[in-house]
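A.B. asks: just coords:
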């Protein structure tokens, strides 16, 4: 059976919306048959490579109405309104009561984009926001239509022409709602209500160290497909034969025996064809002696076409292997040292949630300028534009599920939410050569419930995608010694990981920069380790001595001592210091210094490179790190 992830709803838009959301969707099988309760719509689906399909964009100006009291869904006794704001009702003569809203007269904001940075009065707003957009559409026979949503933070419900088409939980993964029955030829409207309220049982939960940007933060479009169409596919290099591409294609609505094909014009290879089985899945295998592998030095990608009946997808995929051997990381069978940096999806210059090709090229361009061959995209799945850019620019990627800090590890419904988001992440992004690591979590507390929660996620990730490495960013503990201290990595979660990620902040949250010189490391696992975070805050343009906090000189001093310490760790096979660019965080209010930003960036939010940028750049470019590794 192919892995064809489907959404599992563990809650509605908010606790107060339970009555409004009558449908609770359950996981669907790989054939795509939805299991629903009541009369609600089927769950959203994952469309691998959705951005490669022709689409009618719904980006641009959308009318918005903030709704902190949930007025558009409930009356004053908390009864569900049968004709809520989602019907987009217009006042007419003879009405027996007022209509208290009018989308056509309401202000607009841009989609994609968060609402917080587009209107000053919405900067700190957390709650429900209604979105409305009019569009025209020409409906064709024997086709299905999906509303593609790149991301909506955090819970959302969508209606087309007053008909509910789907609901979704999770703020950083794409989903697709079928609107075939709801859309019509001519004039249409789509309405969404998006709620960015933080909840204890959310993934992530109420506490994070980034800004909770709300809204339709990534692209929205309409995708039209044949009645039987390719929804999922996975094409990758064989782990045992570097001349062979293997994988599978799944066709939703496909009949057993139907032929599917993969054509790669640039390769001297016969067209790979196979027939669907009873589950709509076909195994793919093709061989070419001319196959060139993807790597940071030569990020080769091949244009290819997938065919299934009347459906086809034009793709661009690189082929490479990633594996571990002892404490080595092997890319295409050769040892590699991951010279990296962490990146938040914060837009350069304008700030707010990053979403555009320009955002991706700017952020990854700075990483390349550093001399990086690797980026950790923290702490949630980033946009498809970022991953396409990483494929193109030759940057290996750590992609992370937003299991961040202390989520409610003992609750099965919270695990189901994390699992859903993992399935959507892998389902959407499984064909990006750049992604080499799936990260399950960041800085979680050590206890039995948490270890089972994350180890179960790791096992599921391996079922979904056995071709990539599994990691997580762990906390470490310390023991004092007569010479200094020893950092110990013995978190029991480590036994379930392929690569150990560790975060530490010697010189910032503990001790002094020079204490790194007297720190040794003891790692309980014979596995490669990536120092997934280290760093210090500095306000760009603030100068002083090497021991004056918040200055560029202090940050650079921390990096110098850290780099010396890290290079003494025998198992170190990579690093991604925190963080490429300053980003907003409500946890950071210090006036005149932080002003609501985490200032650990090597670059300011306005593109100013700090002194530590040059320190790291020199280390990456002169080969001083990871000696003996490529």
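C.D. replies: Nice, thanks for sending it over. This structure is a prediction, so every number in the text was calculated from the model and none was measured. Numbering: from 1, shown residues only.

A.B. asks: pLDDT weak spots in this protein?
C.D. replies: Low-confidence segments of the chain (pLDDT under 70): 1-40, 270, 627-630.

A.B. asks: which parts of it are helices?
C.D. replies: Counting by DSSP state H, the chain forms helices over residues 357-370, 384-393, 412-429, 448-464, 552-566, 611-621, given from the N-terminal end onward.

A.B. asks: now the longest one and helix 448-464, what's the angle there?
C.D. replies: It stands for helix 412-429. Helix 412-429 and helix 448-464 are oriented at 30 degrees to each other (axes from the mean of the first three to the mean of the last three CA atoms, to 10 degrees).

A.B. asks: let me see the contact set for the residue most central in space within the chain.
C.D. replies: Centroid check for the chain by CA atoms, centre = their mean gives residue 381 as the closest residue, at 0.9 Å. The neighbours of residue 381, taking CB atoms under 8 Å, 6 or more residues apart in numbering as the test, are 172, 173, 399, 400, 401, 402, 421, 424, 425, 428, 429. In this view, the C-beta of every residue, glycine as well, is placed from N, C-alpha and C.

A.B. asks: switch to 10 Å and redo it
C.D. replies: Contacts of residue 381 were listed using CB atoms under 10 Å, 6 or more residues apart in numbering, and they are 151, 170-174, 345, 387, 399-402, 421-422, 424-426, 428-429.

A.B. asks: pull up the gap between it and residue 96, please.
C.D. replies: For residue 381, the distance to residue 96 under the criterion CB to CB, to the nearest Å works out to 48 Å.

A.B. asks: just residue 281 next, same as before
C.D. replies: Taking CB to CB as the criterion, residue 281 is separated from residue 96 by 56 Å.

A.B. asks: ditto for residue 368
C.D. replies: Summarising the geometry, the distance separating residue 368 from residue 96, computed by CB to CB, is 64 Å.

A.B. asks: the more surrounded of those two?
C.D. replies: It is residue 368, of residue 368 and residue 96, that has more neighbours when counted by other CB atoms under 10 Å, with 15 against 4.

A.B. asks: quick one: contacts for that one?
C.D. replies: For residue 368, the contacting residues are 296, 361, 375, 393, 394, 395, by CB under 10 Å, 6+ apart.

A.B. asks: all strands of the stretch 1-150 of the chain, in order?
C.D. replies: Ranges of strands in the stretch 1-150 of the chain, per DSSP state E, counting those that start in this stretch, are 55-57, 60-66, 108-111, 128-137, 143-149.

A.B. asks: out of the ones you listed, nearest to residue 435?
C.D. replies: Residue 435 lies closest, by CB to CB, to one member of the strands of the stretch 1-150 of the chain: strand 143-149, at 20.6 Å.

A.B. asks: may I see the buried residues of that closest one?
C.D. replies: Neighbour-count burial for strand 143-149, counted by 16 or more other CB atoms under 10 Å, picks out 144, 145, 146, 147, 148, 149.

A.B. asks: neighbours around the closest residue to the third one other than its chain neighbours, how many?
C.D. replies: Closest residue in space to residue 146, ignoring its immediate chain neighbours: residue 176 at 4.3 Å, by CB to CB, 6 or more residues apart in numbering. In terms of burial, residue 176 registers 22 neighbours under the definition other CB under 10 Å.

A.B. asks: bridged to residue 176, which residues?
C.D. replies: When assigned by DSSP bridges, residue 176 has beta-bridge partners residue 45, residue 148.

A.B. asks: same deal with the one 10 residues further on?
C.D. replies: Per DSSP bridges, residues listed as beta-bridge partners of residue 186: residue 137.

A.B. asks: roughly how far does it sit from residue 161?
C.D. replies: For residue 186 relative to residue 161 (CB to CB), the value is 10 Å.

A.B. asks: looking at these two, which has the bigger crowd around it?
C.D. replies: Neighbour count, other CB under 10 Å: between residue 186 and residue 161, residue 161 has more, with 18 against 9.

A.B. asks: what about the more buried one, distance to residue 235?
C.D. replies: To residue 235, residue 161 is 37 Å away according to CB to CB.

A.B. asks: any idea how far the residue nearest to the centre of the chain lies from residue 170?
C.D. replies: Counting by CB to CB - residue 381 and residue 170 are separated by 9 Å.

A.B. asks: who touches both of those two?
C.D. replies: 151, 402, 421, 424, 425.

A.B. asks: weed out the non-buried ones from those residues.
C.D. replies: Applying 16+ other CB under 10 Å to the shared contacts of residue 381 and residue 170, the neighbour count classes 151, 402, 421, 424, 425 as buried.

A.B. asks: between those residues, which is closest to residue 511?
C.D. replies: Each of those was scored against residue 511 by CB to CB, and residue 402 proved nearest at 29.7 Å.

A.B. asks: which non-adjacent residue is nearest the closest one?
C.D. replies: On the basis of CB to CB, 6+ apart, the spatially nearest residue to residue 402 that is not a chain neighbour turns out to be residue 380, at 4.0 Å.

A.B. asks: the one you found is in contact with residue 217, isn't it?
C.D. replies: No: at 11.0 Å, residue 380 does not count as touching residue 217 under the criterion of CB atoms under 10 Å.

A.B. asks: find residues that contact each of those two.
C.D. replies: Contact criterion CB under 10 Å, 6+ apart; residues bridging residue 380 and residue 217 by contacting each: 151, 153, 171, 172, 345.

A.B. asks: thinking the second one is in contact with residue 192, fair?
C.D. replies: The one in question is residue 153. No: at 11.8 Å, residue 153 does not count as touching residue 192 under the criterion of CB under 10 Å.

A.B. asks: which residues do these two both contact?
C.D. replies: Taking CB under 10 Å, 6+ apart as the contact rule, residue 153 and residue 192 both touch 215, 216.

A.B. asks: could you pull out the strands for the stretch 151-300 of the chain?
C.D. replies: 155-160, 163-169, 175-178, 186-195, 220-226, 229-237, 244-252, 259-263, 272-275, 281-287.

A.B. asks: and of these, who's closest to residue 531?
C.D. replies: Using CB to CB as the measure, strand 229-237 is the one of the strands of the stretch 151-300 of the chain that comes nearest residue 531, at 28.0 Å.

A.B. asks: now the angle from the closest one to strand 281-287?
C.D. replies: Angle, strand 229-237 to strand 281-287, by the same axes, to 10 degrees: 40 degrees.

A.B. asks: what lines up beside strand 229-237 in the sheet?
C.D. replies: Here strand 229-237 has these sheet partners by DSSP bridges: strand 244-252 (antiparallel).

A.B. asks: so who does residue 273 touch?
C.D. replies: Residues in contact with residue 273, defined by CB under 10 Å, 6+ apart, are 259, 260, 261, 262, 263, 282, 284, 286, 307.

A.B. asks: pretty sure the residue nearest to residue 146 contacts residue 223?
C.D. replies: Yes: in this structure, residue 176 sits in contact with residue 223. The criterion is CB under 10 Å, and the distance is 6.9 Å.

A.B. asks: report the set of residues contacting both of those two.
C.D. replies: Shared contacts of residue 176 and residue 223, defined by CB under 10 Å, 6+ apart, are found at 47, 50, 146, 147, 148.
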